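Asker: would you be able to build a 3D model of this:
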Amino acid sequence: MFSVFISEKYNLLQAKSTWHPFEKLTFFVAFLLGSLLTHNSVVPFLILVGISVFFFIQGLTLKDLLQIAALPMSFMLLAIFSIICIISRENFEAIYLIKLGSYYIGFSDLSLDKGIHIMGKAMGAMFAFYFLILTCPIDEIEYLLRKMKLPDLLIELFVLSFRFITILLSFSRQCYLSQKKRMAYLSFGSSVRALGMLVSSVLIKSLIHADFSHQALLNRGYKGEMKFLDTHGSLQVKRLIFPTILMIGLIALGQLKL
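Answerer: The predicted model follows:
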């Protein structure tokens, strides 16, 4: 759901990017494998900087980038903290150590290095997904899924789910702003009631819209299979040379102990 919101809000990258979908997919795979298969923190840092610079060139600001990275980063930091922090009943060698009751709490060189390494890999993989989400509109993702020979049922469910989530997110924001302007969240009790009304309204709206969409499909000759117009040109293999070289280079650089 979070990725759908990002895709809808920052779709200016989708409009500006005119690459073939398989080019974008190849770059995504290069960034993802480079981040996950690395044994050092240099490669994820390079991927992070490279994708960020690309976003800035395409029109995103630093504030936009921080907004889309804030939510996953908060969960990521909690997970990394649990790796870095060591809790033990016995004293141990550490960079920083405090004693609370009968427990020693701190972090060592090894736990800090491991936490930074995992953090770098997670950040690189996250920005790789952002690259794919922000440069590929829904029709290109559907095109890639069809070329990968996924079952038609799964593709249609994906497309419909994406569309419904987008509509429900928009409707939820409208309802929330309407309630907020009417002072519905001034106290805890009123906030609970307003939230319940919001959830019920979204549920009713989703059921009504699902029925309208089904009737619209039937009126347009839907017989259990959705047809999509292929507007993408032929792929030139030479345009995959650079992302392939980039993939090999990132994986090779990631195997070095830096």
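Asker: can you list the weak-confidence ranges in the chain?
Answerer: 1-18, 224-231, 233, 258 (pLDDT under 70).
Asker: spell out the residue ranges of the strands in it.
Answerer: Under the criterion DSSP state E, strands of the chain are mapped to 86-88, 96-100, 103-107.
Asker: neighbouring contacts of the second one?
Answerer: Okay, so that is strand 96-100. Strand 96-100 is contacted from outside by 91, 104-107, using Cβ atoms under 8 Å, 6 or more residues apart in numbering. Yep, even glycine has a C-beta here, placed from its N, CA and C like the rest.
Asker: one more: the first one?
Answerer: Around strand 86-88, the neighbours that count as contacts under Cβ under 8 Å, 6+ apart are 92, 94, 103-108, 111.
Asker: reformat the residues you listed into TSV and put neighbour count and distance to residue 157 next to each item.
Answerer: Output for the contacts of strand 86-88, formatted as TSV (neighbours: other Cβ atoms under 10 Å; distance: Cβ to Cβ, whole Å):
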residue	neighbour count	distance to residue 157
92	10	51
94	18	50
103	11	49
104	17	51
105	14	47
106	19	49
107	17	45
108	16	47
111	16	42
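Asker: quick one: which of the residues you listed is nearest residue 79?
Answerer: Lowest distance from residue 79 to the contacts of strand 86-88 (Cβ to Cβ) belongs to residue 111, with 13.3 Å.
Asker: just checking, that closest one touches residue 81?
Answerer: No. In this structure, residue 111 is not within contact of residue 81 by Cβ atoms under 8 Å, at 10.5 Å.
Asker: between the two, what contacts are shared?
Answerer: Counting by Cβ under 8 Å, 6+ apart, residue 111 and residue 81 have no shared contacts at all.
Asker: picking that back up, could you dump the strands of the chain to CSV with distance to residue 135?
Answerer: Converted to CSV, the strands of the chain look like this (distance: least, Cβ to Cβ, whole Å):
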stretch, distance to residue 135
strand 86-88, 41
strand 96-100, 42
strand 103-107, 38
